[in-house]
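Colleague: turn this into a structure:
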Amino acid sequence: MVLGRKGRHGPMSPSPRPAPSPRPAGASRWPLAAGLAAGVALDAMFGDPRRGHPVAAFGRAAAALEARDYADSRPRGAAHAAACVLAVAAPAALLHRRTRGRPPWQAAAAALAVWAVTGARSLHHEAERIRLPLHRHDLASARDVLPSLCGRDPSQLDATGIARAVIESVAENTSDAVVAPLLWGAVAGIPGLVAYRAVNTLDAMVGHRSARYLRFGWASARLDDVANWIPARVTAALTAACVPLVTGASPVAVLKVVHRDGGRHPSPNAGRCEAAFAAALGVRLGGTNVYGGVAEARPELGGEGRAAEPEDIRHAVALSRAVTVSATALAVLIAGVTGGRRRSRPARGSAPR
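Modeller: Now for the predicted structure:
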């Protein structure tokens, strides 16, 4: 207790303690914003870890759990999805809580999480690995590499079919592997990053319309649809915004094709991204794809465009890189703005002025 000085008319009241200075607006969120940017930079420099990749470890654990809890049932599939997502989201939430108030640690943790769950460099690298043999007219080598990027059967694809498959995969994965995790990280921190990647990985593992997964994978597929609804449309908008820098096409023309063709795709999200890339590159996407011996006919996107060519892969990669940069800037901005709205609470027991 601080005693006041003795005055002429008796002891004075205790001197009030100075009120603690409030933290600057957004101080609690700048580490997240910095971590998002740093994580994208780490991915650009180093790519995915070659050994001990956290996403691969999650996939192995999810497969082991599936071997125990599989049943041809929607409720069992929903329980499987919930268990897998909670198993990684809970530790991520604890890490997020433990690093709060420790800006360097929070930024470092966010950067490592972004590095683990995004995959821009790997996406672009695999696309280039397919473009180079196509450029040399080495169709056999291009077919050998294609499964590393997408799941369709490459055995009967010609150069045009392979180029179309690569562009469609780059378009969809620019959203799934870059834009979506960054947006979820911006609004929900490390738990958002980790939970989104878990949802997206589960969809890739069990969200198929095959006999085995039609019911068991239903919940995982629907959860992925919800998680990607906004990011896919943001990806289309960013593609339109970036296209003048890559191909010189009109952003308005790109958005018109997205509005016209985006809903034709079987996926409520992938069609928006693919339609945007089709319009940006001036090519036609869609058609018949073969997965595991089963042919799927998909409507054409960008119908007024030409057939895809190997050189279009290079432009698709350049466009994806531009979207990656703009998505990173957007995520950093969102993290900063949402942080600015959080006001520090007054100290306990402090008197209002």
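
Colleague: C-alpha from now on. contacts and neighbour counts both.
Modeller: OK.

Colleague: contacts for stretch 198-205?
Modeller: With Cα atoms under 8 Å, 6 or more residues apart in numbering as the test, stretch 198-205 has contacts from 55, 58-59, 62, 81, 84-85, 88, 176, 217, 220-221, 223-224, 227.

Colleague: out of these, which are inside helices?
Modeller: Applying DSSP state H to these, the entries found in helices are 55, 58-59, 62, 81, 84-85, 88, 220-221, 223-224, 227.

Colleague: send the alpha carbons of stretch 135-155 over as CSV?
Modeller: The C-alpha trace of stretch 135-155 is given here as CSV (Å, rounded to 0.1, in the frame of the first residue of the first chain):
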residue,chain,number,x,y,z
HIS,A,135,7.7,-30.1,-74.0
ARG,A,136,10.2,-32.8,-75.2
HIS,A,137,7.3,-34.9,-76.6
ASP,A,138,8.1,-37.6,-74.1
LEU,A,139,4.6,-38.7,-73.4
ALA,A,140,5.6,-41.9,-71.4
SER,A,141,7.6,-39.9,-68.9
ALA,A,142,4.7,-37.4,-68.4
ARG,A,143,2.3,-40.2,-67.8
ASP,A,144,4.6,-41.7,-65.2
VAL,A,145,4.7,-38.4,-63.2
LEU,A,146,1.0,-37.5,-63.5
PRO,A,147,-0.1,-39.7,-60.6
SER,A,148,2.0,-37.6,-58.2
LEU,A,149,-0.4,-34.6,-59.0
CYS,A,150,-3.8,-36.1,-59.5
GLY,A,151,-5.6,-39.4,-59.3
ARG,A,152,-6.9,-40.0,-62.8
ASP,A,153,-5.7,-42.8,-65.0
PRO,A,154,-2.9,-41.4,-67.3
SER,A,155,-2.5,-44.5,-69.5
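
Colleague: buried sites along it?
Modeller: Within stretch 135-155, the residues that count as buried by 16 or more other Cα atoms under 10 Å are 139, 142, 143, 145, 146, 149, 150, 152, 153, 154.

Colleague: these in helices, which ones?
Modeller: Mapping those onto helices (DSSP H) picks out 139, 142, 143, 145.

Colleague: could these be laid out in CSV, adding distance to residue 314?
Modeller: Formatted as CSV, these follow (distance: Cα to Cα, whole Å):
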residue, distance to residue 314
139, 17
142, 15
143, 17
145, 16
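
Colleague: which of the contacts of stretch 198-205 sits closest to residue 251?
Modeller: Of all the contacts of stretch 198-205, residue 176 has the smallest distance to residue 251: 21.8 Å, by Cα to Cα.

Colleague: in the stretch 1-150 of the chain, which spans are strands?
Modeller: Remark: strands assigned in the stretch 1-150 of the chain by DSSP state E, counting those that start in this stretch are 6-7, 10-11.
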